[in-house]
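1. Sharing a sequence plus its predicted fold:
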Amino acid sequence: MAHVSDLISTDIEQYLKKHEHKSLLRFITCGSVDDGKSTLIGRLLYESKMLFDDQLAAIEADSKKWGTQGGEIDFALLVDGLAAEREQGITIDVAYRFFSTDRRKFIVADTPGHEQYTRNMITGASTADVAVILVDARRGILTQTRRHSFLVSLIGIRKVVLAINKMDLVDYSEKVFHTITEEYRSFAAQFGLEDITAIPLSALRGDNIIEKSPRMPWHHGSTLMGYLETVSIEESVQQAGAFRLPVQWVNRPHLDFRGFCGTVASGTVKPGDRVRVQPSGRESRVARIVTASGDLPMAVAGQSITLTLTDEIDISRGDMISLATSPAEVADQFEATLVWMSDDAMLPGRPYLLKIGTRTLGATITEPKYKINVNTMEHLATKKLDINEIGVCNLALDRPIAFDAYKENRDTGAFILIDRMSNNTVGAGMLHFALRRAHNVHLQPVDMDKDARARSKGQRPAVLWFTGLSGAGKSTIANLVDKKLHALGRHTYLLDGDNLRHGLNKDLGFTDADRVENIRRVAEVAHLFVDAGLIVLTAFISPFRAERAMARGLFEQREFIEVHVDTPLDVAEARDVKGLYRKARRGELRNFTGVDSPYEPPETPEIRVNTERQSAEAAADAVIARLRELGVLA
């Protein structure tokens, strides 16, 4: 196995040393479904002699069982390892393969071509230096070819191989090759892809893969392997950038050592350099650069190191260490490009988790400024993003972070979004710049605070968040609790869903996006009232756990008290005081909770009442009793 080298048998240590110092190229293959990506990678592995004898025997046997080449070796099966991939003859997951030649080492990611697996393609492309975009010579440029090309440009890959495959099926036509090449270059120029090398090939027959094909004497350019072995890797660009070290771990093995571990994202650092810790802004000097092999005189991009500083500074996982002379920006609001990767649409105002580098924090997204039509590059107005759609949005974080624009540093400008409830990755994005208001708008300090206002009222401020189906009795019980608190001399305010839709929220409908914004506004108003020292009661369906979690996150511990008015759907629908269920069942009222829009009940509410078994009065008394237990009514 492996490429032929006499050193393997004569001087294995010299061979390994030579192998260790070869440059490494990471590249992806992408394009539309059935363009031959897996076959191409299989051919590269075969031609570079990276297969053991037993692997060859296995692939010959698999080709007879699963293959699509009539008994010949089906090279795609070397990469498509999932049973579903072999059954359907497609790629689903990202498959990584390593191979090498005498000149270079390679890691290739075979990414799926189906539109529904575009999110997997993003994963494979995130670390690539080169993109090999395959096009079926019979079909030309397709929608997924355009989508993948645009994503390649967004991710920051600037070197592209346009591999026009299956030339054997168009009689190796030079005209077909040039027509596709011209169309692709014209399209790619719209979003800045200029370093494009077009190669006509047949992955199945091996034409122009390793050696030039005699069937295409009109092609005077490089073979695919020739290009991959000689293309320049811009490692120097990363090392020439400003020093950035996202802190992964604080290493404290004993009292006499405190180091900050991480992988250098860009730039270089030496002992004695003055550094700044961000976002705190504190500065110190590098004392040592510690590694498992001993201290280093200098560290460069890509190295895993531990820094020690001359001063004791509070540094935690997620902080960024930068050179003091060229620090990263710090902000909590940004413009970003977002690729949506979830089956559930992106809803403006919904809280998500954002992971950037080693830091994870809360984030909300505004309504998209626009989404991008990948075929025409047209900017289209939209209120949400569906799966595989690409848009430009503003982001707001719950605390400032250190960052660089993605075009300047892929490691410190890229992020993913995570669903708070399921922990699934739902989006990937690239930061453009900090919004001006992130730097110019600051909290104004005031002398009178929440504690002072609460003391003047002689009470502990809190919010009672009543949630449940329409007709469960939320407003009735909240109104009774409000009266009982008033009778006890407490200062309260009741925010009712229907009442607010006549004023503050009268511009909102009942789509999922509008429901999210409805609850966001209510939570912010309730937060202000709690800051005023009041006991606030809110009565809203608030159907989604994510938005209730967002509301809870605005308050201090023990201030948010969730009250689940737990009533079965059939009971609530039988009451139907407002006639809303009947309208929804007739199709006159769309997006109605419990009928054609879901309700996600609380899992661990502080208070639960059941109006099927309790009267409204008894439920209100139960709430008051529980408030005494929780210390709200001391």
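-> Received it, and whenever you're ready, just let me know what you need. Numbering: from 1, shown residues only.
2. In what element of secondary structure is the nearest residue to residue 343 once chain neighbours are set aside found?
-> Sequence neighbours aside, residue 387 is the residue nearest to residue 343 in space, at 5.5 Å (criterion: CB to CB, 6 or more residues apart in numbering). Every C-beta, even on glycine, is put in place using the N, C-alpha and C of the backbone. For residue 387, there is no enclosing helix or strand under DSSP states H and E.
3. Pretty sure residue 387 sits against residue 426.
-> No: between residue 387 and residue 426 there is no contact under CB atoms under 8 Å: 9.3 Å.
4. to the chain's geometric centre, what's the distance from stretch 406-420?
-> Distance of stretch 406-420 from the chain centroid (CA atoms, centre = their mean, to the nearest Å) equals 7 Å.
5. Pull out the buried positions in that stretch.
-> 406, 409-420 (16 or more other CB atoms under 10 Å).
6. And stretch 619-627, by the same measure?
-> Using 16+ other CB under 10 Å as the test for burial, stretch 619-627 gives 619-624, 626-627.
7. Nearest to residue 23 among those residues?
-> Each of those was checked against residue 23 using CB to CB; the closest is residue 626, at 66.5 Å.
8. Doesn't the closest one belong to a helix?
-> Yes: according to DSSP: H, G, I helix; E, B strand; the rest coil, residue 626 belongs to a helix.
9. could you check the distance from it over to residue 620?
-> Look at residue 626 and residue 620: by CB to CB, to the nearest Å, they are 11 Å apart.
10. contacts for stretch 616-628?
-> For stretch 616-628, the external contacting residues (CB atoms under 8 Å, 6 or more residues apart in numbering) are 464, 473, 476-477, 480-481, 484-485, 561, 563, 565, 606-607, 609-611, 614, 633.
11. which residues make contact with the lengthiest helix in the chain from outside it?
-> Longest helix in the chain by number of residues (criterion: DSSP state H): helix 512-531. Contacts of helix 512-531 with the rest of the structure, by CB under 8 Å, 6+ apart, involve 345, 347-350, 364, 367, 383-384, 450, 453, 461-463, 465, 493, 495, 497, 500-501, 504-505, 508, 536, 538, 540, 542-544, 547-548, 550-551, 554-555, 559, 591, 597.
12. Can you say which of those residues are buried?
-> Buried by 16+ other CB under 10 Å: 345, 347-350, 364, 367, 384, 453, 461-463, 465, 493, 495, 497, 500-501, 505, 508, 536, 538, 540, 542-544, 547-548, 550-551, 554-555, 559, 597, out of the contacts of helix 512-531.
13. From those, which land in helices?
-> Counted as lying in helices by DSSP H, out of these, are 453, 497, 500, 547-548, 550-551.
14. now these as a markdown table including pLDDT and distance to residue 248?
-> Listed next are those as a markdown table, based on pLDDT from 0 to 100; distance: CB to CB, whole Å:
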| residue | pLDDT | distance to residue 248 |
| --- | --- | --- |
| 453 | 87 | 43 |
| 497 | 84 | 45 |
| 500 | 87 | 45 |
| 547 | 85 | 32 |
| 548 | 89 | 33 |
| 550 | 86 | 28 |
| 551 | 90 | 32 |
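15. What residues does residue 262 make contact with?
-> If you count contacts by CB under 8 Å, 6+ apart, residue 262 has them with 245-249, 304-305, 321, 358.
16. same deal with residue 551?
-> 463, 465, 519, 522-523, 526, 542, 560.
17. let's see it at 6 Å
-> Residues near residue 551 by CB atoms under 6 Å, 6 or more residues apart in numbering: residue 523.
18. before we move on, what about residue 107?
-> Here residue 107 is in contact with 26, 98 (CB under 6 Å, 6+ apart).
19. pretty sure it is in a helix, no?
-> No: counting by three-state DSSP, residue 107 is not found in a helix; it is strand.
20. tell me the pLDDT at it?
-> Confidence at residue 107, expressed as pLDDT, is 87.
21. One more: residue 607?
-> For residue 607, pLDDT reads 93.
22. if we can go back for a sec, neighbour count for residue 387 and residue 426, which is higher?
-> residue 426 (25 against 18; other CB atoms under 10 Å).
23. How about the secondary structure of the more buried one?
-> strand.
24. Quick check, it in contact with residue 420.
-> No: counting by CB atoms under 6 Å, residue 426 does not reach residue 420; the two are 10.0 Å apart.
25. Quick check: the residue nearest to residue 343 vs residue 418, distance?
-> Counting by CB to CB, the gap from residue 387 to residue 418 is 16 Å.
26. Likewise for residue 591?
-> Counting by CB to CB - residue 591 and residue 418 are separated by 26 Å.
27. got it, and residue 259?
-> 29 Å.
28. What ranges does the stretch 451-600 of the chain have for its strands?
-> According to DSSP state E, counting those that start in this stretch, the stretch 451-600 of the chain carries its strands in the segments 462-467, 492-496, 535-539, 560-565.
29. got any ranges where the protein has weak pLDDT?
-> For the chain, the stretches flagged by pLDDT under 70 are 1-21, 49-94, 112-119, 234-239, 437-445.
30. Which strand in it has the most residues?
-> Determined from DSSP state E, the single longest strand within the chain is strand 390-403.
31. Tell me the strands beside that one, with direction?
-> Sheet pairing here is set by DSSP bridges, and for strand 390-403 it gives strand 329-340 (antiparallel), strand 359-365 (antiparallel), strand 370-372 (antiparallel).
32. Contacts for the helix or strand hosting residue 147, please.
-> For residue 147, the element it lies in under DSSP H and E is helix 143-155. Helix 143-155 is contacted from outside by 30-32, 113, 115, 125, 131, 133, 135, 188, 191-193, 337, 374-375, using CB under 6 Å, 6+ apart.
33. what residues are up against the residue nearest to the spatial centre of the chain?
-> In the chain, the residue lying closest to the centroid (CA atoms, centre = their mean) is residue 416, at 2.2 Å. Shown in contact with residue 416 (CB under 6 Å, 6+ apart): 355, 425, 428.
34. residues contacting the second one?
-> Spelled out, that is residue 425. Applying CB under 6 Å, 6+ apart, the residues near residue 425 are 416, 418.
35. Could you rerun that using 7 Å?
-> 341, 416, 418 (CB atoms under 7 Å, 6 or more residues apart in numbering).
36. want to throw those into CSV with secondary structure?
-> As requested, the contacts of residue 425 are arranged in CSV below (three-state DSSP):
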residue, secondary structure
341, coil
416, strand
418, strand
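37. between those residues, which is closest to residue 102?
-> Closest approach to residue 102 among those (CB to CB): residue 416, at 37.8 Å.
38. If that closest one is in a bridge, with which residues?
-> residue 355, residue 428.
39. all strands of the stretch 151-300 of the chain, in order?
-> Under DSSP E, counting those that start in this stretch, the stretch 151-300 of the chain gives strands at 159-165, 195-200, 244-246, 249-254, 257-263, 268-269, 274-278, 283-290, 299-300.
40. Residues in contact with the second one: which ones?
-> Same thing as strand 195-200. Residues outside strand 195-200 that contact it (CB under 7 Å, 6+ apart): 158-164, 167, 177, 181, 185, 188, 208, 216, 219, 221-222, 224, 227.
41. Kindly recompute the last result at 6 Å.
-> With contact meaning CB under 6 Å, 6+ apart, strand 195-200 is reached by 158-164, 167, 177, 181, 208, 216, 219, 224, 227.
42. Quick check: buried residues in that strand?
-> Of the residues in strand 195-200, those buried (16+ other CB under 10 Å) are 196-200.
43. how far off helix 143-155 does that strand point, in degrees?
-> If you take axes from the mean of the first three to the mean of the last three CA atoms, to 10 degrees, strand 195-200 sits at 150 degrees to helix 143-155.
44. Since that was my last question, I'll sign off now.
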